[in-house]
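*Asks:* Give me a 3D structure for the following:
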Amino acid sequence: MNQTAKNGELIKVPNTLKNKIGGRIGKVNHAAIAKAEAALASLSSNFEEWVADEVTKLEEARRKVSEGGLSGESGKELFGVSHDLKGLGTTYGYPLITQIADSLCSIIHTPELREQAPLRLIDAHVDAVRAAIRGKIKDVNHPVGSMLSSELRKKTQEFLGKI
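*Replies:* Numbering: from 1, shown residues only. The predicted model follows:
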């Protein structure tokens with residue numbers, strides 16, 4: 001056995017990341033950040049309407065699941081809408097919805113999980129999102145919101161622990 005084979009071979013891989021991002025990243029442009037934050041603040045008056053639209057999409061996706069089951073396109077759509085809410089909840093001022101949608105995503109993110117996910121647990125998540133909107137319960141520390149989120153997480157973990 002030669003020395004190289006005995007000790008392994010060292011392969012030097014070129015660092016192509018620098019070429020892909022165009023060299024060094026410049027200093028942070030605080031003015032651009034402030035401008036973006038101001039633009040976001042000016043849009044915030046629309047957040048309630050936009051989050052309500054997303055919840056309507058969630059409810060419609062849940063209705064389709066009632067008709068077509070969780071497998072197939074209806075289950076994929078429910079996951080897609082809940083995943084969108086997971087990302088948008090906090091942006092729209094509802095971090096509680098982000099938590100609930102994250103919990104829902106964890107039980108339906110794969111076709112295998114969707115086949116086993118209990119519809120009652122999915123309904124509970126959708127109902128909790130609806131309740132958060134109707135009650136304007138935004139903060140995860142709100143007593144009702146905290147209780148809802150905690151109970152959903154508990155039931156979600158129980159389901160995931162069984163599979």
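*Asks:* who's in contact with stretch 78-87?
*Replies:* With contacts defined as C-beta atoms under 8 Å, 6 or more residues apart in numbering, stretch 78-87 is touched by 54-55, 57-58, 61-62, 64-65, 70, 97-98, 101-102, 104-105, 108-109, 114, 122, 125, 129. Glycine gets a C-beta too; all of them are placed from N, C-alpha and C.
*Asks:* Tell me which residues of it come out buried.
*Replies:* Neighbour counts using 16 or more other C-beta atoms under 10 Å place 78-79, 81-83, 85-86 of stretch 78-87 among the buried residues.
*Asks:* and if you look at stretch 126-139?
*Replies:* Those buried within stretch 126-139 under the rule 16+ other C-beta under 10 Å are 126, 128-130, 132-133, 137-138.
*Asks:* I'd assumed A132 was in contact with Y94.
*Replies:* Yes. With contact defined as C-beta atoms under 8 Å, Y94 counts as touching A132 (6.3 Å).
*Asks:* Spell out which residues are contacts of both of the two.
*Replies:* By the contact definition C-beta under 8 Å, 6+ apart, Y94 and A132 are jointly contacted by K138.
*Asks:* so of the contacts of stretch 78-87, which ones are in helices?
*Replies:* 54-55, 57-58, 61-62, 64-65, 97-98, 101-102, 104-105, 108, 114, 122, 125, 129 (DSSP state H).
*Asks:* Can you report how many residues lie near K76?
*Replies:* The local packing of K76 (other C-beta atoms under 10 Å) involves 15 other residues.
*Asks:* Distance of it relative to H109?
*Replies:* Plainly put, K76 is 10 Å away from H109 if you go by C-beta to C-beta, to the nearest Å.
*Asks:* do the same with V55
*Replies:* Distance from V55 to H109, by C-beta to C-beta: 20 Å.
*Asks:* Show me which of those two is the more surrounded one.
*Replies:* V55 (21 against 14).
*Asks:* The more buried one and P118, how far apart?
*Replies:* Between V55 and P118 the distance is 21 Å, computed by C-beta to C-beta.
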